[in-house]
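[1] my questions are about this predicted structure, shown below with the sequence.
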Amino acid sequence: MWIVCLNDNVISICNKQFAFNLILRRLQEINFALYYYYTYNFAVFFNRIRNIIAWQL
């Protein structure tokens, strides 16, 4: 859906839906990156604790 925007008294046609979708996609990529980063770190941390417990036994 094309929407006409007013920028500094200059009428420019911008595709707001396209820009919105781009922003949403970028946010989703950031969310996935953070999710995988934290789950990976948690797995490493959990394995370290498990190894320590195994050494104690």
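    Done, it's in. Predicted model only: the values in this text are computed from it and were never measured.
[2] could you use CA atoms for every contact and neighbour count after this?
    Fine.
[3] which residues touch residue 50?
    By Cα atoms under 8 Å, 6 or more residues apart in numbering, the contact list for residue 50 is empty.
[4] residue 56 versus that one, what's the distance?
    10 Å (Cα to Cα, to the nearest Å).
[5] and the pLDDT at residue 45?
    We have a pLDDT of 86 for residue 45.
[6] same check, this time on residue 20
    76.
[7] that one: neighbouring residues, count only.
    Residue 20 has 11 neighbouring residues, counting by other Cα atoms under 10 Å.
[8] where does it fall, phi/psi-wise?
    Dihedral pair for residue 20: phi -60, psi -40, per degrees, to the nearest 10.
[9] any idea how far it lies from residue 27?
    Taking Cα to Cα as the measure, residue 20 falls 11 Å from residue 27.
[10] show me where this protein has its helices.
    Along the chain, the segments classed as helices by DSSP state H run 16-56.
[11] pLDDT weak spots in it?
    Residues of the chain meeting the criterion pLDDT under 70: 1-17, 57.
[12] one more time with 50
    1-3, 8-12 (pLDDT under 50).
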